[in-house]
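S.K.: return atomic coordinates for the entry below.
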Amino acid sequence: MIESWIPIILKAGLDASARILEIYQSDFGVQYKADESPVTQADLEADRIIREALTPTGVPVITEESFAQFKTDKPSSMYWVVDPIDGTRDFVNRTNEFTVNIALVIQGKPVLGLLIAPALSTFPGGAWLGWTDHGLWHWPMDHIWELKEAYMQQPSLPAKRGMLASRSDFRDSGKAMQKHFGAKAQEGPTQRVGSSLKFAWIAAGLAEWYPRAQHLSAWDLAAGHALVLAAGGKVEEWEPGVPLRYNLPKVEMPPFVAYAPKIETHK
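M.R.: Okay, here's the model as predicted:
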């Protein structure tokens, strides 16, 4: 079943990415939601493209832009969780570090995740696919546009010391980190990366860990979470040994830490 859905999410992600890039290269406008987060025409059109593509699977679709209209009387154990553009501030600021996120969550665990950075064609940008117990794959954008399976490659990079933090949101990198993690919060260099690309970096071993204090939503995490699990890493709540779980349709998530493969968790 899941294998048959991979071409569907790849095409959905690519079609959304193509439209996003068209708008990105134009003089687009920006509006703001009630929480003061930005939204653009690209968010809304990508949301529509992905929802329409996933609807034939028969699995409920939860997206950031349409969640307010999402209704369910009988919660499902299986959901698509979508962020049509993760890192809209990066999109607006034209840093190129924004992503398209599509994940399949089953019984609280993300088992399949697609993350595409359409404006970053080379590693660690491009497109990432993670399937739990099957592996992690990466395509440069010029190859995935053609959906050539021959270009599927499994990165095997050694994990490096150091922490990843958000490029655009610094609220999670100060006193809360120091208070909870102590000296470990200052071990190695801290690299700042936009959007869910941080999960791709962790999955590929480009950094050791990515802690996040600020509460995020399921669509911010699920696709990247799937990449880390597929690579053999871990994503836990701040309390060691407690795997991060999803309780959809509730979308608020607790503070978490993503650990690169073969990295010991926080003690």
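
S.K.: where exactly do the helices run in the stretch 151-267 of the chain?
M.R.: Here the stretch 151-267 of the chain has its helices, by DSSP state H, counting those that start in this stretch, at 175-181, 197-203, 218-231.

S.K.: mind picking out the helix or strand in this protein with the poorest mean pLDDT?
M.R.: Using mean pLDDT, DSSP states H and E, helix 175-181 stands out as the lowest-scoring helix or strand of the chain, at a mean of 62.

S.K.: longest single helix anywhere in this protein?
M.R.: Selection of the longest helix in the chain by residue count, based on DSSP state H, yields helix 2-24.

S.K.: which elements pack onto the very next helix or strand once past that helix?
M.R.: Downstream of helix 2-24, the next assigned helix or strand under DSSP states H and E is strand 30-32. When contacts are defined as 3 or more C-beta pairs under 8 Å, 6 or more residues apart in numbering; DSSP states H and E, strand 30-32 sits against strand 38-40. Backbone N, C-alpha and C define where each C-beta goes, glycine included.

S.K.: can you redo the helices of the stretch 151-267 of the chain as JSON lines with distance to Ala12 and mean neighbour count?
M.R.: Compiled in JSON lines, those are given as follows (distance: least, C-beta to C-beta, whole Å; neighbours: other C-beta atoms under 10 Å):
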{"stretch": "helix 175-181", "distance to Ala12": "35", "mean neighbour count": "15"}
{"stretch": "helix 197-203", "distance to Ala12": "19", "mean neighbour count": "28"}
{"stretch": "helix 218-231", "distance to Ala12": "12", "mean neighbour count": "28"}
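
S.K.: just so I know, which of those helices lies nearest Leu114?
M.R.: When the helices of the stretch 151-267 of the chain are compared by C-beta to C-beta, helix 218-231 sits nearest Leu114, at 6.1 Å.

S.K.: correct me, but Tyr32 touches Pro38?
M.R.: Yes - counting by C-beta atoms under 8 Å, Pro38 is a contact partner of Tyr32 at 5.8 Å.

S.K.: okay, these two: which has more neighbours?
M.R.: Pro38 (15 against 9; other C-beta atoms under 10 Å).

S.K.: gap between that one and Ile9?
M.R.: 25 Å (C-beta to C-beta, to the nearest Å).

S.K.: where in the stretch 101-250 of the chain is pLDDT low?
M.R.: Scanning the stretch 101-250 of the chain for pLDDT under 70 picks out the ranges 142-161, 167-189.

S.K.: the strands in it, which residues?
M.R.: Ranges of strands in the stretch 101-250 of the chain, per DSSP state E, counting those that start in this stretch, are 109-117, 126-131, 135-139, 163-166, 190-193, 209-212, 234-237.

S.K.: mind putting the ones you listed into JSON lines with distance to Thr88?
M.R.: Shown next, in JSON lines, are those (distance: least, C-beta to C-beta, whole Å):
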{"stretch": "strand 109-117", "distance to Thr88": "14"}
{"stretch": "strand 126-131", "distance to Thr88": "19"}
{"stretch": "strand 135-139", "distance to Thr88": "24"}
{"stretch": "strand 163-166", "distance to Thr88": "13"}
{"stretch": "strand 190-193", "distance to Thr88": "16"}
{"stretch": "strand 209-212", "distance to Thr88": "17"}
{"stretch": "strand 234-237", "distance to Thr88": "23"}
